[in-house]
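*Asks:* Curious how this folds, go ahead:
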Amino acid sequence: MSAVTAPCITAPCITAPCITVALLATLMLSAGVAADAVAFTYKPHGQLIGSSGTGVNSTKDYVPGMRFPIEKAPAYANSQVYMTGGSNGPSGSQCAATNYAYPWWDNFCEKRTWTMPLCPSGKGHQGQDIRPGSCKFNTHWVVATEDGTITSIGSYAVYEKAVSGVTHRYLHMKMTALLVKNGQKVKKGQRLGLVDNDFGGTSTTLHLHYDRKGYVSGVGTVYLPTYASLVNSYQKLIGPTCDAAACSKKSSCGAWSACGGFTSTCDTTGSRKRTCTTYACSGATCGSASKTETGACTVATDGKQVTAWGPWGVCAATGAGCDGIGKKTRSRTVCSGGASKTVSESTACTVSTTGKAMSAWTAWTQCTSGGGVCAESGTHSRSRSECAGGKATTVTQQGGCVINTSGQVVSAWGPWSPCGGFDSVCDETGSRQRVRQVCKAGSATTEAEFAACTVTREGEGVTPWSAWSGCVADVAPCAPTGSSTRSRQVCSNGAPVEQQEQQGCVPSCALGDGGGIEDVNSSGVDGTADPVRDSAAATGAEVPVQSLMSAAPSGGCSSSPARSDSRGRLPLRWFWLVAVATWLLMRRRRASPRARGS
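*Replies:* Model (predicted):
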């Protein structure tokens, strides 16, 4: 925008033409001068920026006594559309210094499409755009212009019905941070919300759009011009001006406190504080504000003692020999380079070297038993060089030890025992054992070894022979020949079996039942005693054939002459015997097939 040369209006009178607005704002901001310390100026009522439209040239205040809608000065009434960064203004940032500087511009009736009965063109902007004291969002408070009631809250607008009957509208506040709600009563100057750029889901520039509706005779309820009311209420807000430069020179700070706030004893960087009083204009008043200022500081801590000297340590020999020369040490903690550090000091001392090892122990000797061959405890020894009386000497150390004698043979195996341990009387497989002496748990213990063995029992008698059975005739009862048997148990193939034996005999009935028997005595043919025959004759039992045959020669002949009795006669029984024997032999020959065939 080019320099403005139109006349400026100052409070409370009209002055000479203004200097360039852009130049004035730039000088003001670069010099750090508070904006409200600069003389308030504004363009005439109804004068709009450039070709932005035609305003209402009226100084009528429709709401006399109203409060300015932004809580604190400075504030800048102008156009958010036709100023820098606006959609129809010069390019640049909406935070440009020209947007936040005096003079004010009226923008009621600025080109818009809304129906506006009081605007010359019948259409235009309904109210006034007001920028806060700085281009900072959510910082500057919007306040109620009159006592009234909040009647409606839209997506980006708050409506207040004032006690005067006028409806005030506040647009583009931070709608999520409003301090009022629908139906709430408010007082003039009460905070409503923060200046923002809410525009019903979209955004606009940072500013407050303020307008109001009221009744105008002959026209009806319409949007009312706002510029005159805003100028008057703003002049009441800022009051007389304050000399910002002179006010600021009163600012001063007290002396710094001692450096402190260290994190450790040796920390070199700390902080210090002082109180500063700052003077600045607030409207027409040069006000003051005090605050505590904190600054960094450093101190030197190198060499500062953290802990005192500790006690002397044990005297330790320094030489490798037995001379006893040594040293002892003590320590303390001091600061170094901003951190704690342990430092030590030493002094000479004398130490006893008696028992000091001058060499390592040798290996233990072999364990030697002090008991019998199975003893498991013994002794061994080792040696090293030690200090004694200031010189090295050899010392020997004895120690107990354990010998493992388990399993050591004391005596050799003895002879094998006879084969035994059979399962039955005819079992041929058994076992045998032998023993020896071995060491176990420190004592000699007998150890046995077993082995299998076999024997031959085939035909070996298990039981003795039984008695001979009675004589049984071979053919007919009382036949002159027969047989008798006896038995016993013998081993065969590892098990007991019965074995029988048979012999010939003469049944007792073949000897007759009386005649010639009665004079049979105990003498044999040769006059000697025959126990078998005598027993048979006495008991009536059968006489074995062998006995008869031995009594009479085969075929009636005898190799021994028959003896006569005391009267010179042979006994009668022998005649019977010879006769029977002869009969038997003849019978057998006749019965033999061979005999029959000859």
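*Asks:* Can you classify residue 230 as helix, strand or coil?
*Replies:* helix (DSSP: H, G, I helix; E, B strand; the rest coil).
*Asks:* can you pull the contacts of it?
*Replies:* Residue 230 is in contact with 68-69, 77, 104, 128, 130, 210, counting by CB atoms under 8 Å, 6 or more residues apart in numbering. In short, each C-beta sits where N, CA and C put it, glycine included.
*Asks:* Which two among the residues you listed are spaced furthest apart?
*Replies:* In those, two members sit farther apart than any others by CB to CB. They are 69 and 104, at 13.8 Å.
*Asks:* So between these two, which is more surrounded?
*Replies:* Ranked by neighbour count (other CB atoms under 10 Å), residue 69 and residue 104 place residue 69 first, with 27 against 22.
*Asks:* What is the nearest of the contacts of residue 230 to residue 235?
*Replies:* Taking CB to CB as the measure, residue 68 is the one of the contacts of residue 230 closest to residue 235, at 9.0 Å.
*Asks:* Thought residue 233 was touching that closest one, still the case?
*Replies:* Yes - A contact is recorded between residue 68 and residue 233 when judged using CB atoms under 8 Å, the distance being 4.1 Å.
*Asks:* Find residues that contact each of those two.
*Replies:* Each of residue 145 lies in contact with both residue 68 and residue 233 under the rule CB under 8 Å, 6+ apart.
*Asks:* Residue 339 bridge partners, please.
*Replies:* Residue 339 has the following beta-bridge partners by DSSP bridges: residue 336.
*Asks:* how about low-confidence regions in the protein?
*Replies:* Counting by pLDDT under 70, the chain has low-confidence residues at 1-37, 241-245, 283-284, 510-580, 583, 587-598.
*Asks:* Helices of that one, residue ranges please.
*Replies:* Along the chain, the stretches classed as helices by DSSP state H are 21-30, 227-238, 244-248, 531-539, 545-551, 572-591, 593-597.
*Asks:* Go ahead and measure how far the second one is from the middle of the chain.
*Replies:* If I follow you right, that is helix 227-238. Relative to its chain's centre, helix 227-238 lies at 75 Å (CA atoms, centre = their mean, to the nearest Å).
*Asks:* residues of that helix that come out buried?
*Replies:* Buried positions in helix 227-238, judged by neighbour count with 16 or more other CB atoms under 10 Å: 227-234, 237-238.
*Asks:* Test my guess that residue 470 contacts residue 484.
*Replies:* Yes - contact status for residue 470 versus residue 484: in contact at 6.3 Å, counting by CB under 8 Å.
*Asks:* so residue 156 touches residue 203, yeah?
*Replies:* No - Residue 156 sits out of contact with residue 203 when judged by CB under 8 Å, with a separation of 9.8 Å.
*Asks:* the strands in the stretch 351-500 of the chain, which residues?
*Replies:* Listed in chain order, the strands found in the stretch 351-500 of the chain under DSSP state E, counting those that start in this stretch are 368-369, 377-388, 391-402, 409-411, 429-440, 443-454, 472-473, 482-492, 495-505.
*Asks:* Next, format the buried residues of helix 227-238 as JSON lines and append distance to residue 215.
*Replies:* JSON lines is the format used below for the buried residues of helix 227-238 (distance: CB to CB, whole Å):
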{"residue": "227", "distance to residue 215": "19"}
{"residue": "228", "distance to residue 215": "18"}
{"residue": "229", "distance to residue 215": "16"}
{"residue": "230", "distance to residue 215": "20"}
{"residue": "231", "distance to residue 215": "23"}
{"residue": "232", "distance to residue 215": "21"}
{"residue": "233", "distance to residue 215": "21"}
{"residue": "234", "distance to residue 215": "25"}
{"residue": "237", "distance to residue 215": "27"}
{"residue": "238", "distance to residue 215": "31"}
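*Asks:* re the thing from before, neighbour count: residue 156 and residue 203, which is higher?
*Replies:* When residue 156 is set against residue 203 and neighbours are counted by other CB under 10 Å, the residue ahead is residue 156, at 20 against 12.
*Asks:* The closest residue to residue 501 other than its chain neighbours: what's it in contact with?
*Replies:* With CB to CB, 6 or more residues apart in numbering as the measure, residue 486 is the residue that lies nearest to residue 501, at 5.4 Å, once sequence neighbours are left out. Residue 486 makes contacts with 465-469, 500-501, as judged by CB under 8 Å, 6+ apart.
*Asks:* Now list the buried members of the residues you listed.
*Replies:* Neighbour-count burial (16+ other CB under 10 Å) is assigned to none of the contacts of residue 486.
*Asks:* so which of those residues would you say is closest to residue 90?
*Replies:* Of all the contacts of residue 486, residue 500 has the smallest distance to residue 90: 156.0 Å, by CB to CB.
*Asks:* Around the nearest residue to that closest one once chain neighbours are set aside, how many other residues sit close by?
*Replies:* Taking CB to CB, 6+ apart, and ignoring the residues beside it in sequence, residue 500 has residue 487 as its nearest neighbour in space, at 4.7 Å. Using other CB under 10 Å, the number of residues around residue 487 comes to 14.
*Asks:* What's the separation between residue 487 and residue 466?
*Replies:* In this structure, residue 487 and residue 466 are 5 Å apart, going by CB to CB, to the nearest Å.
*Asks:* Pick the one among the buried residues of helix 227-238 closest to residue 323.
*Replies:* Checking the buried residues of helix 227-238 against residue 323 with CB to CB, the nearest one is residue 238 at 97.9 Å.
*Asks:* my guess is the closest one meets residue 72, correct?
*Replies:* No - Residue 238 is not in contact with residue 72 according to CB under 8 Å; the separation is 9.6 Å.
*Asks:* can you put the contacts of residue 230 in TSV and add distance to residue 445?
*Replies:* Formatted as TSV, the entries for the contacts of residue 230 read as follows, by distance: CB to CB, whole Å:
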residue	distance to residue 445
68	122
69	119
77	124
104	127
128	125
130	120
210	121
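*Asks:* So which of those sit within strands?
*Replies:* In this view, the contacts of residue 230 that belong to strands under DSSP state E are 77, 128, 130, 210.
*Asks:* Can you tell me what sits against stretch 440-453?
*Replies:* 372-377, 405-407, 410, 413, 416, 419, 429-439.
*Asks:* and those residues, which are buried?
*Replies:* 374, 376, 405, 410, 419, 432, 437-439.
*Asks:* which two in those residues are spaced the farthest apart?
*Replies:* With distances taken as CB to CB, the most widely separated pair in the buried ones among the contacts of stretch 440-453 is 376 and 419, at 38.1 Å.
*Asks:* Using PDB, write out every CA atom in stretch 204-211.
*Replies:* Listed next in PDB are the C-alpha coordinates belonging to stretch 204-211 (Å, rounded to 0.1, in the frame of the first residue of the first chain):
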ATOM      1  CA  THR A 204      -9.600 -16.800   8.400                       C
ATOM      2  CA  THR A 205      -7.000 -14.300   9.600                       C
ATOM      3  CA  LEU A 206      -6.400 -13.700  13.300                       C
ATOM      4  CA  HIS A 207      -9.000 -11.000  14.200                       C
ATOM      5  CA  LEU A 208     -12.300 -10.200  16.000                       C
ATOM      6  CA  HIS A 209     -15.300  -9.300  13.800                       C
ATOM      7  CA  TYR A 210     -17.600  -7.200  15.900                       C
ATOM      8  CA  ASP A 211     -21.100  -6.000  14.900                       C
END
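*Asks:* hey, what's the nearest residue to residue 216 once chain neighbours are set aside bridged with?
*Replies:* Here the nearest residue to residue 216 in space, its sequence neighbours aside, is residue 222; by CB to CB, 6+ apart that works out to 5.7 Å. Beta-bridge partners of residue 222, counted by DSSP bridges, are residue 214.
*Asks:* Please shift the residue numbers so they start at 49 in all later answers.
*Replies:* In the new numbering, first residue 49, that becomes residue 270.
*Asks:* need the contact list for residue 270.
*Replies:* Residues in contact with residue 270 (CB under 8 Å, 6+ apart) are 164-166, 261-262, 264.
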